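Participant: take a look and give me a structure for this.
(one chain, ligands or ions: 2)
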Amino acid sequence: MSITDNTFANENNSPLDNLDQWENDVLDRYPDPASINKDKKEEEFRNYEETSKDGVKEFYRLNHKYQTYDFVLEKKADYLKFDKREMPIWNAFDFLNELVDDSDPDTDLDQMQHLVQTSEAIRNDGHPDWMVLVGLIHDMGKVLCLFGEPQWGVVGDTFPVGCAYSDKIVYPEFFKANPDYDNKKFNTKLGIYTENCGLDQVHMSWGHDEYVYHMMKDYIPEPGLYMLRYHSFYSQHRENAYDHLMNEKDHEMFKWVALFNPYDLYSKNPNQKSWEELKPYYQALVAKYLPTNLKF
Ligand SMILES: [Fe+2]
Ligand SMILES: [Fe+2]
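Facilitator: Ligands and ions are numbered 1, 2, ... in the order given. Sure, this is the predicted structure:
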């Protein structure tokens, strides 16, 4: 029996109507400082509260219960072989867009639009071209969903496994149901790690961030790799909850993670140029850094 065959097969593993619901929840937690004083449409807010909060909470219950150390190692052993598929990045984007849920009236953007809005906002601010590319590909790991992974193993705030969970992680009380919570090997502040060992030694909960990092690690400059790998690690890049595992290099590199995060969260742009118009630029950018075919 596989170590992760505990009971999640018996759960409803899709409590979110779509993956964007998790991102909307993050936005609710960390609102755009630029729009914070603008009138919030109360009706919209209430609507969100009623329809999404329960699903998001259930999503975190599952995420915190089943993202064990063993689960992470098992997923890494499987997916980091990259033996599932080989395709040009453009096919991967098409594949990703299958994630759109047309039945949900709140989903006005497909995945590709979020990626292009993020990358265009980075480009408009004059950042290096590899960072623009990072904007374009940062959520590509969500294809995990299309390989049959549960929502809670694809998106959600990420956190270290193999050591105590921080109470700065959203819904920390749900970790009590995780078997690692009572495991003496894992439930001390440092757990299996050593003080300031560096995040590269640390296993993060499994999801689209870790997956895309490994996919891209031979092609993108290191600050970009940090952005890919830790963009959902909110308990560190927003709350500094894991300084005890970080080394000096991590702190230096997290300045880039912090630079990237607002582009991910706050780049919605109703006046985005069309993909047809933007395509030549992005084709050249992709050709500059990435091979013709990517392995998934
Ligand atoms: Fe993401
Ligand atoms: Fe994103």
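
Participant: any idea how far whichever residue of the stretch 1-150 of the chain sits closest to ligand 2 lies from residue 264?
Facilitator: Across the stretch 1-150 of the chain, no residue is closer to ligand 2 than residue 139, which sits at 4.4 Å (Cβ to the ion). Where C-beta positions appear, they are placed from N, C-alpha and C, glycine not excepted. Residue 139 sits 8 Å away from residue 264, going by Cβ to Cβ, to the nearest Å.

Participant: quick check: next helix or strand after the helix or strand of the chain with the lowest mean pLDDT?
Facilitator: Among the helical and strand segments of the chain, the one scoring lowest on mean pLDDT, DSSP states H and E is helix 42-66, with a mean of 78. Per DSSP states H and E, the first helix or strand lying C-terminal to helix 42-66 is helix 69-79.

Participant: in that next one, what's buried?
Facilitator: Judged by neighbour count (16 or more other Cβ atoms under 10 Å), helix 69-79 contains these buried residues: 69, 71-73, 75-76, 79.

Participant: among the residues you listed, which two are most distant?
Facilitator: Greatest spacing in these, by Cβ to Cβ: 69 and 79 (16.3 Å).

Participant: could I get the buried residues of helix 69-79 as JSON lines with pLDDT and distance to residue 237?
Facilitator: As requested, the buried residues of helix 69-79 are exported to JSON lines (pLDDT from 0 to 100; distance: Cβ to Cβ, whole Å):
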{"residue": "69", "pLDDT": "98", "distance to residue 237": "22"}
{"residue": "71", "pLDDT": "98", "distance to residue 237": "23"}
{"residue": "72", "pLDDT": "98", "distance to residue 237": "20"}
{"residue": "73", "pLDDT": "98", "distance to residue 237": "24"}
{"residue": "75", "pLDDT": "98", "distance to residue 237": "22"}
{"residue": "76", "pLDDT": "98", "distance to residue 237": "22"}
{"residue": "79", "pLDDT": "98", "distance to residue 237": "24"}
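
Participant: spit out the contact partners of the residue of the stretch 1-150 of the chain closest to ligand 2.
Facilitator: Counting by Cβ atoms under 8 Å, 6 or more residues apart in numbering, residue 139 touches 96, 111, 114-115, 208, 212.
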